[in-house]
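Chemist: The following block contains a protein sequence and its predicted model.
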Amino acid sequence: MFRISSSLWERIHHYASFPQTGVSLQQMVLFGQNPGQGTLLRGSQFLLEELPVRLAHRVKELDQLPHNLSDMPSINKVKNWYAQSFEELIHFPPVRLPPDIRAAFLAPPADPVSLPESHPNPSLSYQYYSDDYGTPQTGLGIVSSPKNGKGKNGNGGGNGNGQKMRIPMERRYYANMSHVKDWPPEVREYNRTFTKTLEAIKKRHDPTVTTVAQGVLEWKRSRNARNINLDVQHWLDRFYMSRIGIRFLIGQHIALNTLQPHPDYVGIICTRANVHDIVQEAIENARFVCEEHYSMFKGPPVQLICPKELHFAYVPGHLSHICFELLKNSLRAVVERFGPEAEAFPPIKVIVVEGKEDITIKISDEGGGIPRSAIPLIWTYMYTTMEGQNIDQDFTDSDFKAPMAGFGYGLPLSRLYARYFGGDLRLISMDGFGTDVYIHLNRLSSSREPLP
């Protein structure tokens, strides 16, 4: 059983005093094109700096949660996972480079590349997310990492906000190493070993969402609470948004190191993601789950109106998850309104439109809608309209492998995934008729991560 020693706590507090560095999809694509061993080494160096900072912020926060939430066994388990991963990264052995390679690595390239400037993520204006739940966020008693984004590239800058300075983004996450032709075997071995370490860390954290949910459930039961407090809600938003970012950076690095090159992919980012195909697949998957759950021969029909050649740079997995969750909700609402035995169902309509800044997906159903008083509740974690749901102790799947209706995480998590790259998720309901959900996706790919 892993335990956090006092010396490890010191290191955690030290790393938590640094700001986190947000990266944009644009920057990730530019960095990861045609990656050689030197570029991958530079990526490893960046992650060895950045991930411990992000993990340290979360460990510190997990230790200082309000209302004795930190005392719950499942929350402690997650805190120890984060601390263990932090320890593995800070003790990862450094690469040994021959003097000539080290000099080439440190020298400024002959044709310096400037990363495209990233823009503050509009999600930060919600500040996790005071306007989302109808109550201003004041004095919530949660330790939050100071806002970054003061510097040009989102490095925080250290200008009077109590956090230490960090090196500019271009010098940390981008290296034009084309002038080095032969990399020694030590570099290849280092990249391979570091990738294996990241794979083990990613696997360790797979059940984080459900384990934290279990911890919140333990806390609710200990207090006989029906709903979770607003400050706990804000913490969950921040914690899960941070988790999305950590897993994205790790997943991208693993993919760059292990996947065969593909003309349309840079790691897990698809530079020409076909929106029609991704949404169509989500429709088929959601209908399959619905038909299985209700033992139906044929579920409600779903009409897709979308240009077949609409492409943009995005992570297909994120978009697929968001659409799948929302379609699942719409299908369930329609089936439960008309009954599984109904001979015909009104169709669910999915309309996709490309604008100047956004690609917007609207999902409309006639499932009866949601009462206006319940609208703020649908964005809260642990709120579900399914009765008798509990979290299986052995449930270790990651974020979106939940059944037809799970433990009230589908909508709030989907919104975080949309906001991660500068998009959003909005819901308008007509009580007694149906619901329209709008997924806004930033097609310019220039928003950096909204780091809490």
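Modeler: That came through, no problem. Residues are numbered from 1 along each chain as shown.

Chemist: Surely Phe248 touches Gly317?
Modeler: No: using CB atoms under 8 Å, Phe248 is not in contact with Gly317, being 9.6 Å away. Placement of C-beta: from N, CA and C, glycine included.

Chemist: Mind checking which of these two has more residues around it?
Modeler: More crowded of Phe248 and Gly317, by other CB atoms under 10 Å: Phe248, with 23 against 16.

Chemist: Sticking with the more buried one, tell me its helix or strand.
Modeler: Per DSSP states H and E, Phe248 falls inside helix 230-258.

Chemist: Which neighbouring elements make contact with that helix?
Modeler: If you count contacts as 3 or more CB pairs under 8 Å, 6 or more residues apart in numbering; DSSP states H and E, helix 230-258 packs onto helix 25-32, helix 37-63, helix 185-204, helix 208-223, helix 410-420.

Chemist: Any buried residues in the third one, and which?
Modeler: Applying a neighbour-count criterion of 16 or more other CB atoms under 10 Å, the buried positions in helix 185-204 are 187, 190-191, 194-195, 197-199, 201-202.

Chemist: do the second one as well
Modeler: Across helix 37-63, burial judged by 16+ other CB under 10 Å covers 37-63.

Chemist: Return every residue with contacts to both of Phe248 and Gly317.
Modeler: Common contacts of Phe248 and Gly317, defined by CB atoms under 8 Å, 6 or more residues apart in numbering, comprise Ile268.

Chemist: which element is Tyr345 on?
Modeler: No Tyr there; residue 345 is Phe. Using DSSP H and E, Phe345 maps to neither a helix nor a strand.

Chemist: Quick one: closest of the helices and strands packed on helix 230-258 to His276.
Modeler: In terms of CB to CB, the element of the helices and strands packed on helix 230-258 nearest to His276 is helix 410-420, at 18.4 Å.

Chemist: Show me how far the closest one is from its chain's centre.
Modeler: In this view, helix 410-420 has its centroid 8 Å away from the chain centroid, taken as CA atoms, centre = their mean, to the nearest Å.

Chemist: Residues in contact with that helix: which ones?
Modeler: Outside helix 410-420, the residues touching it (CB under 8 Å, 6+ apart) are 121-123, 126, 209, 236-237, 240-241, 244-245, 248, 318, 321-322, 325-326, 328-329, 378-381, 399-400, 402, 424-425, 427, 439-441, 449-450.

Chemist: which sections of the stretch 301-450 of the chain are below the confidence cut-off?
Modeler: 384-407, 446 (pLDDT under 70).

Chemist: Counting neighbours, what do you get for the closest residue to Gly432 other than its chain neighbours?
Modeler: Distances taken as CB to CB, 6 or more residues apart in numbering put Gly369 closest to Gly432, at 5.8 Å, once the chain neighbours are dropped. A count of nearby residues for Gly369, using other CB under 10 Å, gives 20.

Chemist: pretty sure Gly369 is touching Asp431, no?
Modeler: Yes: with contact defined as CB under 8 Å, Gly369 counts as touching Asp431 (4.4 Å).

Chemist: Not counting its own residues, what contacts stretch 367-383?
Modeler: 132-134, 213, 216-217, 220, 227-228, 233, 236, 330, 332-334, 336-337, 407-409, 411-412, 415, 427, 429-435.

Chemist: Give me the buried positions along stretch 360-371.
Modeler: Buried positions in stretch 360-371, judged by neighbour count with 16+ other CB under 10 Å: 360-370.

Chemist: May I see these organised as JSON lines, with secondary structure and distance to Pro73 added?
Modeler: Output for the buried residues of stretch 360-371, formatted as JSON lines (DSSP: H, G, I helix; E, B strand; the rest coil; distance: CB to CB, whole Å):
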{"residue": "Thr360", "secondary structure": "strand", "distance to Pro73": "42"}
{"residue": "Ile361", "secondary structure": "strand", "distance to Pro73": "39"}
{"residue": "Lys362", "secondary structure": "strand", "distance to Pro73": "42"}
{"residue": "Ile363", "secondary structure": "strand", "distance to Pro73": "38"}
{"residue": "Ser364", "secondary structure": "strand", "distance to Pro73": "43"}
{"residue": "Asp365", "secondary structure": "strand", "distance to Pro73": "39"}
{"residue": "Glu366", "secondary structure": "coil", "distance to Pro73": "44"}
{"residue": "Gly367", "secondary structure": "coil", "distance to Pro73": "38"}
{"residue": "Gly368", "secondary structure": "coil", "distance to Pro73": "39"}
{"residue": "Gly369", "secondary structure": "coil", "distance to Pro73": "39"}
{"residue": "Ile370", "secondary structure": "coil", "distance to Pro73": "34"}
